[in-house]
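**Student:** Predicted structure and sequence below. I'll ask about it afterward.
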Amino acid sequence: MVHHPSADQIIDLYDRHASTWNTLRANHFIDRKWIERFASLLPSAANVLDLGCGSGQPVARYLVEIGASVVGVDASAHMLALCSAQLPAQEWIHADMRTLALNRQFDAILAWNSFFHLTPDDQRQMFSVFSRHAAPGTLLMFTSGPAHGEALGVFESETLYHASLDPHEYATLLKNHGFEIREHVVEDAECGGHTVWLARRLP
């Protein structure tokens with residue numbers, strides 16, 4: 001397997017900069033459009049699995065405010081400490097999303113601005129994780145890149161790794177794991193340039 005040092009360092013980077021991230025993200029909700037769209041499709045009192053939940057700001061907080069219950073998963077203990085402090089009534093789990101097996105199914109699964117930090121091979125494996133936590137009708141939303149490749153960003157002067165599969169491969173993986181694509185928008189200008197996938201688990 002190819003070693004991706006920048007991908008491997010993501011957890012440590014977010015751990016060390018958790019407070020800064022939380023402060024910057026709390027009132028920076030350019031992606032609100034899609035979180036509102038996701039929320040509008042949820043059943044009342046939905047239980048949502050938030051993979052790579054970060055500090056819980058502003059996405060998990062929004063979901064809680066509209067009546068959902070959130071189970072947040074993150075590999076950064078410092079991020080989860082912020083979640084627990086800010087949203088103590090929700091469940092926060094310190095785990096690697098790539099190997100997650102909670103033996104539970106959820107009304108909705110979110111991997112927002114987290115999934116795209118994984119290597120291409122790890123992203124492919126995540127569709128089994130999505131599938132085993134999904135029941136018929138479960139909503140799934142995640143962000144990706146617009147095309148196959150790897151890209152390096154910067155946060156707090158440190159390298160931030162991103163990767164993406166080809167859109168056709170995402171579509172195939174979703175289909176093969178029992179999900180039907182509802183919406184797919186590439187580099188949405190109304191949402192900070194996010195490329196978004198919204199799907200639902202078939203009956």
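**Tutor:** Structure's in. What do you need?

**Student:** CA only for contacts and neighbour counts going forward, please
**Tutor:** Fine.

**Student:** lowest confidence element among the helices and strands of this structure?
**Tutor:** helix 5-8 (a mean of 48; mean pLDDT, DSSP states H and E).

**Student:** Please enumerate the strands of the chain.
**Tutor:** 47-51, 69-74, 91-94, 106-111, 134-144, 149-155, 158-164, 179-188, 194-201 (DSSP state E).

**Student:** okay but Phe127 is in contact with Leu173, surely?
**Tutor:** Yes - between Phe127 and Leu173 there is a contact at 6.8 Å, judged by Cα atoms under 8 Å.

**Student:** my guess is Val196 contacts Glu190, does it?
**Tutor:** No - Val196 lies out of contact with Glu190 (Cα under 8 Å); the separation is 11.8 Å.

**Student:** So if I had to pick from the two, which one is more boxed in?
**Tutor:** Comparing Val196 with Glu190 by other Cα atoms under 10 Å, the one with more neighbours is Val196, at 22 against 12.

**Student:** Relative to Trp92, how far out is the closest residue to that one other than its chain neighbours?
**Tutor:** Distance criterion Cα to Cα, 6 or more residues apart in numbering; nearest residue to Val196, sequence neighbours excluded, is Thr143 at 4.7 Å. According to Cα to Cα, to the nearest Å, Thr143 stands 21 Å off from Trp92.

**Student:** likewise Asp122?
**Tutor:** 22 Å.

**Student:** go on, Gly54?
**Tutor:** 10 Å.

**Student:** which residues do the two both contact?
**Tutor:** Asp74, Leu80, Cys83 (Cα atoms under 8 Å, 6 or more residues apart in numbering).

**Student:** Now render those as TSV, adding neighbour count.
**Tutor:** Formatted as TSV, those follow (neighbours: other Cα atoms under 10 Å):
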residue	neighbour count
Asp74	22
Leu80	25
Cys83	24
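
**Student:** just those residues now: which is nearest Ser131?
**Tutor:** Asp74 (18.5 Å; Cα to Cα).

**Student:** The closest one pairs with what?
**Tutor:** His94 (DSSP bridges).

**Student:** which strand residues sit across from the residue most central in space within the chain in the sheet?
**Tutor:** Of all residues in the chain, the one closest to the mean position by Cα atoms, centre = their mean is Ala111, 1.6 Å from it. Taking DSSP bridges as the rule, Ala111 bridges to Phe142.
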